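> give me the fold of what follows.
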Amino acid sequence: MISVKRHIAAPAAAAALGALVLAACGAKPPSVAAEGAEATAQDYLSPPKVDTVRAGPGGVTLAGTASVGGKVRLATPIGQAMFSTVDAHGRWVIALPPAADARIFGVSASTGGRQTQAEGYLLVTPDGKAAMLRAGASALRIDPVARPGLRSIDFDRGGGVEVAAQVSPGATVILHLDGRQADERRADANGRYEVSLGSPTPIRPGAHQIEVRGDGFADQVAVRVSPAQPLAQGPLRSQLTPAGPRVDWMTPGGGVQSTLLIH
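Purely as a prediction, here's the structure:
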């Protein structure tokens with residue numbers, strides 16, 4: 001796992017800005033969230049999930065699940081928010097207007113005066129790629145899988161790297177880093193494969209070749225691992241790379257993590 005706390009010693013000002021971003025997106029800092037940990041089982045409120053994304057001429061449409069009768073809120077870091085009421089089937093839909101750049105949202109749901117947060121921040125690109133960004137872990141892609149293979153690569157300035165792929169449920173995945181086998185394990189029941197690289201030896205900055213192989217599939221990508229520059233213009237910076245869009249984003253702790261959404 002990427003250890004943001006280990007690799008990135010964020011200054012107090014960055015941590016404070018991270019807390020402000022959380023608040024604007026509708027998310028609670030860890031200390032506040034922990035206060036509700038004593039809730040009983042009957043008070044449990046299902047966190048909202050995003051499971052569908054569709055891009056079209058009019059923008060990007062998102063859909064997902066949440067507790068019946070609740071209200072889902074998508075909020076930007078500057079506090080702009082969009083809402084959707086959850087229907088009797090536990091579904092919600094929100095249409096985003098077109099945008100020229102990638103956007104990041106906090107996702108929350110409220111029912112009966114109670115509120116719960118989605119896991120991570122929601123990233124949406126103009127062409128409909130979408131993922132939940134998770135501090136210290138690999139991104140969870142939401143957009144459809146075109147073929148078995150690599151889906152995302154996350155890294156931080158300390159040399160931690162997270163690789164995620166989508167293959168057949170239970171398939172054995174063999175990963176090579178720069179021509180050497182670095183991992184072999186089975187995907188989970190949903191076909192998701194994740195591996196943490198860079199411990200105990202950090203992955204050096206520069207160009208790297210990552211390849212995954214298994215029964216009936218093979219995929220590889222050339223990526224450049226480089227430390228993110230300070231985020232001077234907000235909590236998100238995006239750029240296009242040959243491997244796919246890269247976003248540098250501020251974690252709740254004030255550090256910066258980089259995520260590549262593989263084509």
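> for residue 52, which non-adjacent residue is spatially closest?
Nearest non-adjacent residue to residue 52, counting by C-beta to C-beta, 6 or more residues apart in numbering: residue 63, 4.1 Å away. All C-beta atoms are positioned from the backbone trio N, CA, C, and that covers glycine.
> and stretch 109-126, what's its mean pLDDT?
In this model, stretch 109-126 carries a mean pLDDT of 95.
> list the buried ones in that stretch?
By neighbour count on 16 or more other C-beta atoms under 10 Å, the buried set for stretch 109-126 is 109-111, 115-118, 120-126.
> can you tell me which two in the residues you listed are farthest apart?
111 and 126 (31.9 Å; C-beta to C-beta).
> so where do the strands sit in the stretch 51-200 of the chain?
59-65, 71-75, 81-85, 91-96, 103-111, 114-117, 121-124, 130-133, 140-141, 149-155, 161-166, 172-177, 180-186, 192-197 (DSSP state E, counting those that start in this stretch).
> and the fifth one, what does it pack against?
For strand 103-111, the helices and strands in contact under the criterion 3 or more C-beta pairs under 8 Å, 6 or more residues apart in numbering; DSSP states H and E are helix 12-25, strand 71-75, strand 114-117, strand 121-124.
> quickly run through the sheet partners of it, with directions.
strand 71-75 (antiparallel), strand 114-117 (antiparallel), strand 121-124 (antiparallel) (DSSP bridges).
> give me the pLDDT value at the spatially closest residue to residue 62 that is not a sequence neighbour.
Nearest residue to residue 62, sequence neighbours excluded (C-beta to C-beta, 6+ apart): residue 94, at 5.1 Å. Among the per-residue scores, residue 94 holds a pLDDT of 98.
> now swap in residue 4 and tell me
The predicted local confidence for residue 4 is 33.
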